[in-house]
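K.L.:
kindly generate the corresponding structure for this input.
(6 chains)
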Protein chains: 6
Amino acid sequence: MAWYDLPLEQLRTHRTATQAPADLDAFWSRVLAATEAAARPTTLERWKPGVYGPTPVWDVEFSGGRGDRIRAWYLRPAGVAEDEPLPVVVTSIGYGGGRSVPADHLALPALGFASLVMDTRGQGARWAVGSTGDGPDLGPELSTVMSRGITDPEQYYYTRLYCDVARAVDVAARDLPGVDSARIGVTGGSQGGALSLAAAALRPGLVRAVAADVPFLCDISRAIRITDSNPYKEVGDFLAQHVDLVETAERTLAYVDNAVLAPRITAPVHMTVGLMDDICPPSTVFAAFNALEVEDRSIVVNQFGGHSPSHVHDELKLRFLRERLGLA
Amino acid sequence: MAWYDLPLEQLRTHRTATQAPADLDAFWSRVLAATEAAARPTTLERWKPGVYGPTPVWDVEFSGGRGDRIRAWYLRPAGVAEDEPLPVVVTSIGYGGGRSVPADHLALPALGFASLVMDTRGQGARWAVGSTGDGPDLGPELSTVMSRGITDPEQYYYTRLYCDVARAVDVAARDLPGVDSARIGVTGGSQGGALSLAAAALRPGLVRAVAADVPFLCDISRAIRITDSNPYKEVGDFLAQHVDLVETAERTLAYVDNAVLAPRITAPVHMTVGLMDDICPPSTVFAAFNALEVEDRSIVVNQFGGHSPSHVHDELKLRFLRERLGLA
Amino acid sequence: MAWYDLPLEQLRTHRTATQAPADLDAFWSRVLAATEAAARPTTLERWKPGVYGPTPVWDVEFSGGRGDRIRAWYLRPAGVAEDEPLPVVVTSIGYGGGRSVPADHLALPALGFASLVMDTRGQGARWAVGSTGDGPDLGPELSTVMSRGITDPEQYYYTRLYCDVARAVDVAARDLPGVDSARIGVTGGSQGGALSLAAAALRPGLVRAVAADVPFLCDISRAIRITDSNPYKEVGDFLAQHVDLVETAERTLAYVDNAVLAPRITAPVHMTVGLMDDICPPSTVFAAFNALEVEDRSIVVNQFGGHSPSHVHDELKLRFLRERLGLA
Amino acid sequence: MAWYDLPLEQLRTHRTATQAPADLDAFWSRVLAATEAAARPTTLERWKPGVYGPTPVWDVEFSGGRGDRIRAWYLRPAGVAEDEPLPVVVTSIGYGGGRSVPADHLALPALGFASLVMDTRGQGARWAVGSTGDGPDLGPELSTVMSRGITDPEQYYYTRLYCDVARAVDVAARDLPGVDSARIGVTGGSQGGALSLAAAALRPGLVRAVAADVPFLCDISRAIRITDSNPYKEVGDFLAQHVDLVETAERTLAYVDNAVLAPRITAPVHMTVGLMDDICPPSTVFAAFNALEVEDRSIVVNQFGGHSPSHVHDELKLRFLRERLGLA
Amino acid sequence: MAWYDLPLEQLRTHRTATQAPADLDAFWSRVLAATEAAARPTTLERWKPGVYGPTPVWDVEFSGGRGDRIRAWYLRPAGVAEDEPLPVVVTSIGYGGGRSVPADHLALPALGFASLVMDTRGQGARWAVGSTGDGPDLGPELSTVMSRGITDPEQYYYTRLYCDVARAVDVAARDLPGVDSARIGVTGGSQGGALSLAAAALRPGLVRAVAADVPFLCDISRAIRITDSNPYKEVGDFLAQHVDLVETAERTLAYVDNAVLAPRITAPVHMTVGLMDDICPPSTVFAAFNALEVEDRSIVVNQFGGHSPSHVHDELKLRFLRERLGLA
Amino acid sequence: MAWYDLPLEQLRTHRTATQAPADLDAFWSRVLAATEAAARPTTLERWKPGVYGPTPVWDVEFSGGRGDRIRAWYLRPAGVAEDEPLPVVVTSIGYGGGRSVPADHLALPALGFASLVMDTRGQGARWAVGSTGDGPDLGPELSTVMSRGITDPEQYYYTRLYCDVARAVDVAARDLPGVDSARIGVTGGSQGGALSLAAAALRPGLVRAVAADVPFLCDISRAIRITDSNPYKEVGDFLAQHVDLVETAERTLAYVDNAVLAPRITAPVHMTVGLMDDICPPSTVFAAFNALEVEDRSIVVNQFGGHSPSHVHDELKLRFLRERLGLA
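P.N.:
Numbers count the residues shown, from 1 in each chain, chains lettered A, B, ... in the order given. Now for the predicted structure:
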């Protein structure tokens, strides 16, 4: 996908045209409070020491949005006492994927972080397995979730999922053994980047570092008009049929738009963007970045990059997390 | 898609290798009984006479699978008294679509049939709108439903949807004004064909004619291995990740496989099949046809047809419905 | 296809850059006069009452462009006397299709309209059958007609086809039983929309309502430069080889360009347009709409729509036809 | 396209299942006689010496099928007297193309052949220009001709086109200056290969060498069922809609099937075939080759070749033509 | 890609038809001896402790095929003395990729293995960076290497690359600090799987465990005829033009065919295969597996898997490596 | 590909933003001098008179870039003495192709030109065969060469290839029999057009006419950002991974950018451009054209043309070559 979005100099200043809903703060206070009220205790169970040997892994279950039970992996570095307080990074997963197996998540523990990898409700089937359904009696699905509940912010799928990640931060701070709750980071790419930004916006008192690669769900109203690629295109396909719901849906989307939520973030932010990314258009990523009010923010531009961040840039991200979370 | 499946002479005798579950009848008795127990009264509301003029249309809501409320359209021919008992055809919709607007369904009333068009829960967004979610608080979605609940026949999406159409037949027989309950037909293409076969198999005492075009959900275990096209491919994509669930998923699918359910059908059946259909492979359609035990059955072969039935063949279908339901 | 054409506010005022040929009126007077001079009587034959039951259908043949015989269906509402004068709607078909079977055209009779469905000469094979060749001894073809005769307006395929639809209006007004010739409407989508606009422009005294969905053949010189999709692309592919014919071909196309013909229309017009339509780019549709001089005109914008109009919008179209043709 | 057709050892013996029509010889006698009866004199006009310098080129027009006028190029080697009798090769063009400009046809004159390059009626727009329409008042088109007239062998497009090439051989033998009529060859690839085989079958007394690359229109009934590629697919697409015309169309196609006509050929034949050719499946090419009864025949197999013959094999073809036509 | 290859029961016994070259052993002895003769000392340089913290990483350079210098990463578990002898796993990379950054390779050290990740000469640009050219003065390339040197086994690209991995095993055994040379494993997917099998076949005395996912370069003569996907298709595309080189090229390919080399392997082998893998067809993977003569071998079949192994199966692979290399 | 680049009026004045490297002239002087110093004598061997008859053909080998031996064809018109001094045209080949067989190159000799057709090192496998590797011990490859050596202008693949074509001009001037060295032209399309422009820029004293169709390698920094098509996309794909090499690579590319080299050209230039060319975007072609300082220059615009020039325009090119090289 050649350069199809705004030129770089305009990207540097592009702002979303979406207005924050008047009740944005009240909405999230109410929804999060209800979520917390519905929470039950977090459980941990040790996972396959015969496979993971020195790196301890736990299968975690905690209460997320609507009180639904969410699965996760908790991993700790090899050779560290279980109760030694460590910085912890909450990882969220890209669209269609679930928490996979812990083998996919050994990098952070190898670098000295404790790590909580949150499953994605009702996804977990397209390229990595999950174990969490979008509600009781449900399991992982090969799903398309962009329009699920889109007519009502309270019922919207991403409202629930944002609650999940906010709760994952709570769990990291309070329920996991051996965590220094003053050193919590969040990370992920694409949908995982969206969830990381959302976690930082909804848990500004807890999150201390955000590393978001090519984040999804930013400047959504623009995105659904300028890209033909899924998952944004799901919204357009839905509205091409449900022609009377355009305004309603865009109202809902504003509550989960990270370009709208970004000013709530207080933690340092590290982002990446690909100027040839057709899945998360660069202008939408910059819309979130440019809306950040925190001073410690940086964005790495991959001029020829699509939606897959360059592995070379991963080292910058890891250094950022180590430095901001006190490991370097 | 050139001829890629079995040669025609082998199609004529091909039988599914899937065994009927030992508890197939008990399963459906139990599930349908629970469905009926959860049912609330059907409601009808007149719809836009300013648009439809002489053809009366009602917006219907009835209780389907799990007691969930399902929407439908009820249309009657112009110039016929509202209480004149007419033959009624229950129409089901293809994958991704919903009941659309009544304007899409004026053919059957124009020919003298009363017509009940059932919405598809949790679909209704891909090419035709719907108004029914897959459960309370949910609406139509741009969804992919093949793996939803696939690990448990009781929780599987298509178990619910089959209950919906069985209930739609009940509603046609009992709750709609001006219906001759001894003249109920079912029809539809692709997923709508699957639902028509299922309705006839689950309501053998009520359904008197089945017209199923290129039906989906037949000989499913074969289908998911020989076609690359959605929606069957959704199952393969799910199982390519959830490698440990292959046997479990195939066990569930057997309960909704129309090649397994076909012997329960007692009504005359008219089917169509395209030898170049990559979405519903011809061998899987023949597997259902060849499993029928009713004598009055016919299948129209489109040698060069894909998944869209030829409009020329529609006239054969309409004549079949008119003759079997006493209109000719 | 994301938004690739002009922004909506520019679409609202976009005008074609194509000039009307100096002899435009003279050209069409001469061509239509020759067409009428070559006409022979219209014939009607009753079609399959065993299939269509209460809705009477006739197989029609009339003289169109160049005197060639054109087939059509004539359908009347059930339960209405054959000689009762009704409003009649002339329907034209999209590119590649023919008149299909009458079963595809039962909606208008069900709403109380008489209906004449014109076959498309030399098409009728790609997605719906036809029975009319592009001249004697010829039959329906799986054809691509955009460049047929393109070097000469008199010989151009679409000149003939426009004459067909003008004659279909004449036939509706004069030759069909039970028509109120003061209540003639025209409708169709894509190529059918182009033919509807053309019919209204060439028979301004007869046509009283035009419902044109996503019409083709508007602002053609722009269209062939901004879309990669067929059928407009056929012209570009032809001219990429016949590099010396660009000017000649564009001169021909001006005679059949509905953005050029639109000022001749006197009937109320209802149009639809999809902002993501890559087949009939929105700017070209607006070019025709903005060139209309009739006051009673409306255009329904589907922000996320491609080339398939939303079924939801069909109800607006049907209401428009009912109101303008005196059925509501 | 990986190996998808029969294994090589079965290709070596594969025969078409299509029966020769009982009246095949009578049909072609009658059609060719009518063609000759309608013929008018051939004309030649010198073409652009400023471009072609030493190689003389003429723009030719002759009477082909149905008496329609067909264009061609006549080229002669540089430095040879205009009346020196030379071997002449009649070249036919692949699907969609026309005779192009003479610059595309300088290879044969450079090797010492006179050369007649026949235009393709009603094509000549897709990748090379032409100047010949499919009838008077018509010009080259970006067309799809496979179903034009397919319901009647007399009216079928390829019957006319076969007459054109038979007449081109007559013209080469009688009307061109400086030709040794005992040394006429025919050549071409794909559709051009089909026309070369047909010319040899319809003019067995005149054609002395046939070089047909990956020929089209062989074992057509098989081809339309085993490949998804155009132009064979045009027939399947047509018949997928015109479901009642399958038998009729296949009857027509038998008259122009080179696997049926092959036994009439008396000249030496050189063919090429690609085992990965999805446009002209290898079994269909072998069906024609295996039906040849002439002893001097050879087929060059490109194991990994698609529809574009290897240039390396061109040298074999040229050597064949030189040897069989007395130039080596 | 639906099931397109042999049925599973035939896969279980399928053997390659390719004969081992008579001089296979002599060839590899000679080539490997020359490789060793050209070797210079291995160098190690510590890499970015600020990023990798507790996990030590070295940038390695060693002499591979033809004496060319090859880059690699050496990683050791956190919290283990640098000279503690550990089992070591040599990892090879898939087609188009290079060694990437060490962050991509932290899983094995986290489980207690030392790990040597070999760069891929002349690749390292398509999805993961490399630092090694295919010869001096050359760097990583976005390349296609399947036909490089294919006319001569001595000059063939994969001969060099196989020498690289054989040398990597030597380096692991002799040049790296803290390795137990009796516990060397090899692993990789696709091209990395091919290199792992090759390493075990060329260094049977050193390699003690082979974990090869969906390995490439097995039963190559079959693969290039039954799949349309790159990189195998590169060979077919080359031979479609170089028609005279088919035999020559296939002779070369036999020397690097793992279905031919497999009997030389003495270490336990764990493989995975996807029955819907169009890049490395399942029959070719089984051809290598079925040619193994070692008793301790296993193959995990993913019935619906394409070329990406399921992450779920990764845990089986890791357990295999831990058990065979004495970590469990 | 619809019009996606600048509008025609802006194309007419578009200039590249790439600056000429300060040492551009010194670089090329040094590189070309080294090339000449490494040269060995040219050899000619007669090729297959049995195929080519009156047109004499030689298989040529000469020393190109880095002293590597390059193959070529030398063809002379039929019927001309071998030592008669003729104008000669050096032809270069498009990306992926090699010199093919002489049969592909008979047009120029037929028109009276001597012709030298240069093979393309390390290509010659994708659509036409070659015989020249990119260095000793190497042969033709199915390759992708855009990033080979891209970090260093001295080592860059295209530096070598440009030296090849400069040397081919030298060879035409000095080493071939029967050449009038004052009448040397260069021609080719795409990569062949790039090489033709480069030859004229690097050998301004020898080249007297340049005919470059849709030339590649112009305004490269723009091209790699505005097109998604290969081969330009290879550079973007490489830099999407090698994110730290963007500046380095663009510095290298400036040395071979024909929009930078164009002012060095002194010969008349004839170019073609397609406004729908997605492979060599029209703005990049115009960037080279607009940078020409020679007065005798012309560019033929194909408004609807893609990357394949219209054959109709070929006659203009041939006339240009004949006139500028003294044949008309």
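
K.L.:
nearest spatial neighbour of the residue of chain A positioned farthest from its centre, skipping sequence neighbours?
P.N.:
In chain A, the greatest distance from the average C-alpha position (Cα atoms, centre = their mean) is reached by A:Gly50, at 30.7 Å. The spatial neighbour of A:Gly50 that comes closest, neighbours along the chain excluded (Cβ to Cβ, 6 or more residues apart in numbering or on different chains), is E:Ala328 at 5.7 Å. Every C-beta, even on glycine, is put in place using the N, C-alpha and C of the backbone.

K.L.:
one more: A:Leu11?
P.N.:
In space, and not counting its chain neighbours, A:Leu11 is closest to A:Phe286: 4.5 Å by Cβ to Cβ, 6+ apart.

K.L.:
is it true that that neighbour touches A:Arg12?
P.N.:
Yes: A:Phe286 is within contact range of A:Arg12, at 7.0 Å (criterion: Cβ atoms under 8 Å).

K.L.:
what about the residue farthest from the centre of chain A, which SS state?
P.N.:
Following DSSP: H, G, I helix; E, B strand; the rest coil, we place A:Gly50 in the helix state.

K.L.:
what's the spacing between it and E:Pro109?
P.N.:
As defined by Cβ to Cβ, to the nearest Å, A:Gly50 lies at a distance of 18 Å from E:Pro109.

K.L.:
would the longest helix seen in chain A count as contacting chain B?
P.N.:
Longest helix in chain A by number of residues, with DSSP state H as the criterion: helix A:157-174. No: among the residues of helix A:157-174, none lie within reach of chain B under Cβ under 8 Å from any Cβ of the partner chain; the closest is 9.2 Å away.

K.L.:
for that helix, packing partners?
P.N.:
If you count contacts as 3 or more Cβ pairs under 8 Å, 6 or more residues apart in numbering or on different chains; DSSP states H and E, helix A:157-174 packs onto helix A:24-37, strand A:57-63, strand A:69-75, strand A:86-91, strand A:114-118, strand A:179-189, helix A:191-202.

K.L.:
is it possible to get a markdown table of the ones you listed that adds mean neighbour count and distance to chain F?
P.N.:
Supplementary listing: the helices and strands packed on helix A:157-174 in a markdown table, determined by neighbours: other Cβ atoms under 10 Å in any protein chain shown; distance: least, Cβ to the nearest Cβ, whole Å:
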| stretch | mean neighbour count | distance to chain F |
| --- | --- | --- |
| helix A:24-37 | 15 | 36 |
| strand A:57-63 | 22 | 31 |
| strand A:69-75 | 24 | 28 |
| strand A:86-91 | 26 | 23 |
| strand A:114-118 | 29 | 26 |
| strand A:179-189 | 23 | 15 |
| helix A:191-202 | 29 | 18 |
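
K.L.:
out of those, which gets nearest to B:Glu295?
P.N.:
With respect to B:Glu295, and counting by Cβ to Cβ, the nearest of those is strand A:69-75 at 52.6 Å.

K.L.:
now the closest one and strand A:114-118, what's the angle there?
P.N.:
Between the direction of strand A:69-75 and that of strand A:114-118, the angle (axes from the mean of the first three to the mean of the last three Cα atoms, to 10 degrees) works out to 150 degrees.

K.L.:
quick check: residues of chain A near chain B?
P.N.:
Contacts of chain A with chain B, taken as Cβ under 8 Å from any Cβ, map to A:124-129, A:137-144, A:146-151, A:155, A:234, A:237-238, A:241-242.

K.L.:
what about 7 Å?
P.N.:
Applying Cβ under 7 Å from any Cβ of the partner chain, one finds that chain A approaches chain B through A:125-126, A:128-129, A:137-139, A:141-144, A:146-149, A:151, A:155, A:234, A:237-238, A:241-242.

K.L.:
now the buried members of the residues you listed.
P.N.:
Listed as buried from the residues of chain A next to chain B are A:125-126, A:128-129, A:138-139, A:141-144, A:146-149, A:151, A:155, A:234, A:237-238, A:241-242; burial here means 16 or more other Cβ atoms under 10 Å in any protein chain shown.

K.L.:
which one of the residues in the stretch 101-250 of chain A is closest to chain F?
P.N.:
Nearest residue of the stretch 101-250 of chain A to chain F: A:Val214, at 12.3 Å (Cβ to the nearest Cβ).

K.L.:
and that residue, what does it touch?
P.N.:
Under the criterion of Cβ atoms under 7 Å, 6 or more residues apart in numbering or on different chains, the contact list for A:Val214 reads A:Gly189, A:Ser190, A:Gly193, A:Thr272, A:Val273, A:Gly274, A:Asp277, A:Cys280, A:Val285, A:His307, A:Pro309.

K.L.:
how would you label the one residue in the stretch 151-300 of chain A that gets nearest to chain B: helix, strand or coil?
P.N.:
As assessed by Cβ to the nearest Cβ, chain B sits closest to A:Phe238 within the stretch 151-300 of chain A, at 4.4 Å. With three-state DSSP as the basis, A:Phe238 sits in helix.

K.L.:
could you do A:Ala209 as well?
P.N.:
Taken by three-state DSSP, the conformation at A:Ala209 corresponds to strand.

K.L.:
correct me, but it touches A:Ile265?
P.N.:
No: contact between A:Ala209 and A:Ile265 fails when scored by Cβ atoms under 7 Å: they sit 10.9 Å apart.

K.L.:
would A:Ala223 count as being in a helix?
P.N.:
Yes: A:Ala223: assigned to a helix according to three-state DSSP.

K.L.:
hang on, it packs against A:Thr284?
P.N.:
Yes: using Cβ under 7 Å, A:Ala223 and A:Thr284 qualify as a contacting pair, with a distance of 4.6 Å.

K.L.:
higher neighbour count, these two?
P.N.:
Set side by side, A:Ala223 and A:Thr284 show unequal neighbour counts under other Cβ atoms under 10 Å in any protein chain shown, the larger going to A:Thr284 at 32 against 29.

K.L.:
A:Arg264 versus that one, what's the distance?
P.N.:
A:Thr284 is 18 Å from A:Arg264, where distance means Cβ to Cβ.

K.L.:
what's the answer for A:Ala39, then?
P.N.:
To A:Arg264, A:Ala39 is 22 Å away according to Cβ to Cβ.

K.L.:
more neighbours: the two, which one.
P.N.:
When A:Ala39 and A:Arg264 are compared on other Cβ under 10 Å, the one with more neighbours turns out to be A:Arg264, at 22 against 16.

K.L.:
excluding residues flanking it in the chain, which one is nearest the more buried one?
P.N.:
For A:Arg264, the spatially nearest residue (Cβ to Cβ, 6+ apart) is A:Ala201, at 4.1 Å.

K.L.:
SS state for whatever residue of chain A ends up closest to chain F?
P.N.:
When you check chain A against chain F by Cβ to the nearest Cβ, the closest residue turns out to be A:Phe304, at 4.1 Å. In terms of secondary structure, A:Phe304 is coil; the call rests on three-state DSSP.

K.L.:
which members of the contacts of A:Val214 occur in strands, if any?
P.N.:
In this view, these that belong to strands under DSSP state E are A:Gly189, A:Thr272, A:Val273, A:Gly274.

K.L.:
now flag whichever of these is closest to chain C.
P.N.:
A:Gly274 (17.1 Å).

K.L.:
who's in contact with the residue nearest to that closest one when sequence neighbours are not counted?
P.N.:
Closest residue to A:Gly274 apart from its sequence neighbours, by Cβ to Cβ, 6+ apart: A:Gly305 at 3.0 Å. Shown here is A:Gly305, whose contacts under the criterion Cβ under 7 Å, 6+ apart are A:Gly274, A:Leu275, A:Met276, A:Asp277, F:Ala240.

K.L.:
pLDDT weak spots in the stretch 201-328 of chain A?
P.N.:
Within the stretch 201-328 of chain A, no stretch falls below the threshold (pLDDT under 70).

K.L.:
so which residues on it come close to chain E?
P.N.:
Residues of the stretch 201-328 of chain A lying near chain E by Cβ under 7 Å from any Cβ: A:His311, A:Val312, A:Asp314, A:Glu315, A:Leu318, A:Arg319, A:Arg322, A:Leu327, A:Ala328.
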